[in-house]
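[1] fold the stuff below for me.
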Amino acid sequence: MGRATRRGLARTMVAAGMAGVVLAGVSACAGDPANTPSASTTTPGASVDWKLPAGQRIVFRNTAAGDDFGRVASVSASSPHGKRTMTGLSCERVYATRDAVSCMSLNSASPIGYRETLYDGRGGELRFWPLPGAPSRTRLSADSKVAAWTACVDGESYANIAFATQTIITELQGTYYGPLEAFTFLVDAKPYTAVDLNFWGVTFADDDNTFYATAASAGKTWLVRGNLRGRTVVALREGVECPSLSPDGTRVAFKKNLGTSEAPRWTLAVYDLGSKAETVLPLKGNVDDQAEWLDRDTLIFGLPIAGAERDYNVYSAPADGSAPESLLIEHAWSPSVVR
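    Coordinates of the predicted model:
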């Protein structure tokens, strides 16, 4: 029985209440708006109406009430407050480039089921996989060749006490690297194995081999650097969640907990991979999202609208920590920048 199979069996035991480990304050699944599905579904094998206007765009999930709720939309990056262009695609989580789309969608409503689908830049379906539970995170490499996604196993967050994730990486039209739990994980240059080890929040470098992600076990989280072809993941530092690599590959934006494990208070911080310096952003909102880089100096991310159900806004903030967030796009979630 291989490492991934043994770990999957152990996770089933955890879900059944036979074993458990405290991961308080960790939020890859708990509290994610994707855990509350929309009414839209995706038809397997179908092409979708997908055509982005020219120029740099911000793609996102529309959360405004009405017939277009849950559909993927875009606005001009130079005029984000302007009119949004709707597509024919509905996703719980979405990430897009000019040449590809990763869509984590509701596949069936009764019983609830989810799927991950990769599309080309014309809306043609490339590949799809069933998901083990609710969508959490997804990313594409800048050249549209590699994709990653994270789902919550069995759709459970285990009340923010113990949870299981599955994170998959694959080429869009090539090698399927499979779940990160099957990679060799090194902490202080020594192999680390545990039944409660989880990965999520992948972000890609521009060589189609190096990636960064979050690993979590025994109440700790790590920023990790991965090697796809070497099938290894190495811990770099503790206390990092949901990394997002800057366009120039020199900095990582991430979620940082300023509170306690029992009462987390999430903000964003930026870690310089060269100097090891960390800059904490003075954000007012509780940011439970994987940030996206609008440009080399600006981060964008989603925040829930107070008092609203399943409705969010996208905000921007300078990556140098010089100012708090400002509203960028109303009624939007899961943003990505198409350059």
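[2] so what's the nearest residue to Val287 once chain neighbours are set aside up against?
    By the measure of CB to CB, 6 or more residues apart in numbering, the closest residue to Val287 outside its immediate chain neighbours is Trp266, 5.1 Å from it. Bear in mind the C-beta positions are built from the backbone N, C-alpha and C, glycine included. Trp266 makes contact with 27, 255-259, 286-288, according to CB atoms under 8 Å, 6 or more residues apart in numbering.
[3] okay, now the nearest residue to Asn313 once chain neighbours are set aside: neighbour count?
    Counting by CB to CB, 6+ apart, the nearest residue to Asn313 once its immediate chain neighbours are dropped is Glu330, at 5.4 Å. Taking other CB atoms under 10 Å as the criterion, the count of residues near Glu330 is 15.
[4] how much space between Glu330 and Gly70?
    Here the criterion is CB to CB, to the nearest Å. By it, Glu330 lies 16 Å from Gly70.
[5] what's the answer for Leu140, then?
    For Leu140 relative to Gly70 (CB to CB), the value is 20 Å.
[6] same question, Pro335
    Taking CB to CB, one finds Pro335 at 15 Å from Gly70.
[7] same thing with Arg84?
    In terms of CB to CB, Arg84 sits 14 Å off from Gly70.
[8] common neighbours of those two, please.
    Asn62.
[9] can you point out the buried residues in the one helix or strand Ile169 maps to?
    Assigned by DSSP states H and E, Ile169 belongs to strand 165-171. Across strand 165-171, burial judged by 16 or more other CB atoms under 10 Å covers 165-171.
[10] per-residue pLDDT, Gly31?
    Here the pLDDT value assigned to Gly31 is 50.
[11] again with the one 5 residues further on
    At Thr36, the pLDDT value in this model is 54.
[12] I figured Arg225 hits Ala215, correct?
    No: between Arg225 and Ala215 there is no contact under CB atoms under 8 Å: 10.5 Å.
[13] please say which of these two ends up with more neighbours.
    More crowded of Arg225 and Ala215, by other CB under 10 Å: Ala215, with 29 against 19.
[14] confirm the more buried one sits in a strand?
    Yes: counting by DSSP: H, G, I helix; E, B strand; the rest coil, one finds Ala215 located in a strand.
[15] ok, it to Val233 distance?
    Counting by CB to CB, the gap from Ala215 to Val233 is 7 Å.
[16] what is in contact with these two at once?
    Counting by CB under 8 Å, 6+ apart, the shared contacts of Ala215 and Val233 are 185, 199, 224.
[17] flag every buried residue along stretch 211-220.
    Judged by neighbour count using 16+ other CB under 10 Å, the buried positions of stretch 211-220 are 211-217.
[18] and for stretch 125-141?
    Within stretch 125-141, the residues scored as buried using 16+ other CB under 10 Å are 125, 128, 131-141.
[19] same list, the residues you listed, but as a markdown table with pLDDT please.
    As requested, those are exported to a markdown table (pLDDT from 0 to 100):
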| residue | pLDDT |
| --- | --- |
| Glu125 | 95 |
| Phe128 | 95 |
| Leu131 | 95 |
| Pro132 | 94 |
| Gly133 | 93 |
| Ala134 | 93 |
| Pro135 | 96 |
| Ser136 | 96 |
| Arg137 | 97 |
| Thr138 | 98 |
| Arg139 | 98 |
| Leu140 | 98 |
| Ser141 | 98 |
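[20] which among these gets closest to Trp149?
    Thr138 (4.1 Å; CB to CB).
[21] show the contacting residues for the nearest residue in space to the closest one that is not next to it in sequence.
    Spatially, and ignoring its direct neighbours in sequence, Thr138 is nearest to Trp149 (4.1 Å; CB to CB, 6+ apart). Trp149 makes contact with 93, 102, 104, 116, 131, 135-139, 167-168 under the criterion CB under 8 Å, 6+ apart.
[22] tell me which element Trp149 is part of?
    Using DSSP H and E, Trp149 falls in strand 146-152.
[23] still on that earlier bit, measure the residue nearest to Val287 to Ala182 for me?
    Separation of Trp266 from Ala182 (CB to CB): 29 Å.
[24] for the strand holding Trp149, list every residue counted as buried.
    In strand 146-152, counting by 16+ other CB under 10 Å, buried: 146-152.
[25] stretch 85-103 now?
    So for stretch 85-103, counting by 16+ other CB under 10 Å, buried means 87, 89-97, 100-103.
[26] next one: stretch 171-189
    Using 16+ other CB under 10 Å as the test for burial, stretch 171-189 gives 171-172, 177, 179-181, 183, 185, 187.
[27] ok, stretch 106-123 next?
    For stretch 106-123, burial by neighbour count (16+ other CB under 10 Å) applies to 106-107, 113-121, 123.
[28] kindly report the same for stretch 332-339.
    Per 16+ other CB under 10 Å, stretch 332-339 contains these buried residues: 332-338.
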